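Chemist: just a sequence and a predicted model for now, questions to come.
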Amino acid sequence: MRAGLVGFPQTGKTTLFEALTGQAAAPSGSSRTAKSGLGVVRVPDDRVTRLSGLYHPKKTTYAEVVFVDTPRSKAAPSGLDAAMLQAVAEADALVVVLRGFDDMGGRAPNSERELQDFDAELILSDLGIVERRLERLAKTRDSDREKAVLERCLERLGAGSALRDLELSSDEERAVSSFAFLSRRPLLVVLNTSEKDAGAPLPSGLVTLAQQSGAQLLSVCAAVEAEIARLPQADQADFLASMGIDEPASARLIRSAYALLDYISFFTVGEDEVRAWTVRRGSLAPRAAARVHSDIERGFIRAEVMSYDAFIEAGSEARMKALGQFRVEGKDYVVADGDIVNFRFNV
């Protein structure tokens with residue numbers, strides 16, 4: 001699953017990608033302008049760190065999320081070209097980067113306009129798809145259910161609103177899933193500020209607009225984040241302390257993107273490895289077991305489950321059992337974020 005970094009030219013999108021992934025972009029004029037950059041990023045999680053400190057395993061593995069730096073748009077500053085729209089179509093969630101600093105010409109940012117323009121591009125793309133499909137369906141009496149939900153989408157898009165917060169039943173969702181509407185992608189809005197404005201309150205107008213667009217919102221200073229990322233690991237803590245912060249803003253962004261993809265983490269623990277495993281929210285225990293190994297799903301018997309918070313408070317598995325908080329769950333159990341799980345199976 002991929003989170004696509006998108007945005008108009010000169011927003012600092014690629015600088016942010018470099019800060020998140022530690023990968024340098026290709027130089028200007030190279031094939032980078034036509035291709036997406038790809039980076040696998042560890043999801044910061046204090047729970048994994050703490051469990052590792054308790055178990056002292058040979059290996060500690062964090063969850064990961066894939067960030068895609070979409071191609072630089074060759075369109076006008078307020079437009080997206082075909083290459084970027086195609087890259088957007090290949091992402092499961094979108095992180096749109098807005099300019100929150102004066103550009104090289106000294107022009108002040110207009111982040112609200114950028115967000116409106118970006119959403120408009122996605123809406124227009126989806127509107128064209130819906131209109132063409134409805135034209136074809138008008139020639140037949142088949143697919144009444146599809147027609148009904150497409151007409152709901154048409155009404156929303158025609159009013160200039162994205163589809164990401166349109167409530168659809170499971171049947172309606174299946175009826176239109178093949179269209180992969182761009183404006184239905186979950187959206188995280190990132191305001192890239194100047195260093196002097198880092199940590200300043202978000203503009204109230206942008207907050208309101210993001211809420212109306214069904215998007216999440218946060219701010220970072222990509223230049224500072226990139227500077228932190230370039231430091232040796234041992235020096236990063238001192239640098240952060242000198243700035244009076246506990247962690248880079250990029251860590252919050254990574255966690256937000258992970259949640260935007262509707263992921264949760266469950267943990268397996270032991271002397272060999274403490275590991276965070278990624279599943280979609282709402283996954284049943286056998287599906288979670290399959291993330292560890294397909295044989296465990298095939299031979300699933302039960303899941304032995306401890307809540308992370310309860311485990312930390314209790315201090316040990318033995319204490320959890322004494323308190324009656326060590327649970328045995330079956331195939332219908334929905335795995336929760338932070339569950340510590342041991343799967344029993346037989347193949």
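Modeler: Arrived safely, thanks for sending. Residues are numbered from 1 along each chain as shown.

Chemist: which stretches of the protein have low pLDDT?
Modeler: Low-confidence regions of the chain, defined by pLDDT under 70, span residues 23-36, 72-79, 142.

Chemist: give me the residue at the spatial middle of it.
Modeler: Using Cα atoms, centre = their mean, the residue of the chain that lies closest to the mean C-alpha position is residue 257, 2.5 Å off.

Chemist: list the buried residues in the helix or strand encompassing that residue.
Modeler: Counting by DSSP states H and E, the element that carries residue 257 is helix 249-260. Of the residues in helix 249-260, 249-251, 253-254, 256-260 count as buried by neighbour count, 16 or more other Cβ atoms under 10 Å. Glycine gets a C-beta too; all of them are placed from N, C-alpha and C.

Chemist: OK, contacts around the residue nearest to the centre of the chain?
Modeler: 3, 65, 67, 93, 95, 188 (Cβ atoms under 8 Å, 6 or more residues apart in numbering).

Chemist: out of those residues, give me the one that has the most neighbours.
Modeler: Of all the contacts of residue 257, the highest neighbour tally under other Cβ atoms under 10 Å goes to residue 95, namely 28 neighbours.

Chemist: list the contacts of the helix or strand encompassing that one.
Modeler: With the criterion set as DSSP H and E, the secondary-structure element containing residue 95 is strand 93-100. Surrounding strand 93-100, the residues in contact under the criterion Cβ under 8 Å, 6+ apart are 1-8, 10-13, 16, 67, 88, 109-111, 114-115, 118, 185-194, 197, 206, 215, 219, 222, 253, 257, 260-261.

Chemist: filter those down to the ones in strands?
Modeler: 2-6, 67, 187-193, 219 (DSSP state E).

Chemist: quick check: the two most widely separated of these?
Modeler: For those, the maximum inter-member distance is 25.4 Å, found between 2 and 193 (Cβ to Cβ).

Chemist: between those two, who's got more neighbours?
Modeler: A direct count of neighbours by other Cβ under 10 Å for residue 2 and residue 193 places residue 193 higher, at 25 against 18.

Chemist: now do the helices in this protein.
Modeler: Chain-ordered helices for the chain, with DSSP state H as the definition, fall at 13-21, 46-55, 82-89, 111-137, 144-158, 170-176, 204-212, 222-230, 233-242, 249-260, 285-292, 294-298, 308-314, 317-322.

Chemist: residue 218 contacts residue 188, correct?
Modeler: Yes: applying Cβ atoms under 8 Å, one finds residue 218 in contact with residue 188, separated by 7.4 Å.

Chemist: what do these two both touch?
Modeler: Shared between the contact lists of residue 218 and residue 188 (criterion: Cβ under 8 Å, 6+ apart) are residues 253, 256.
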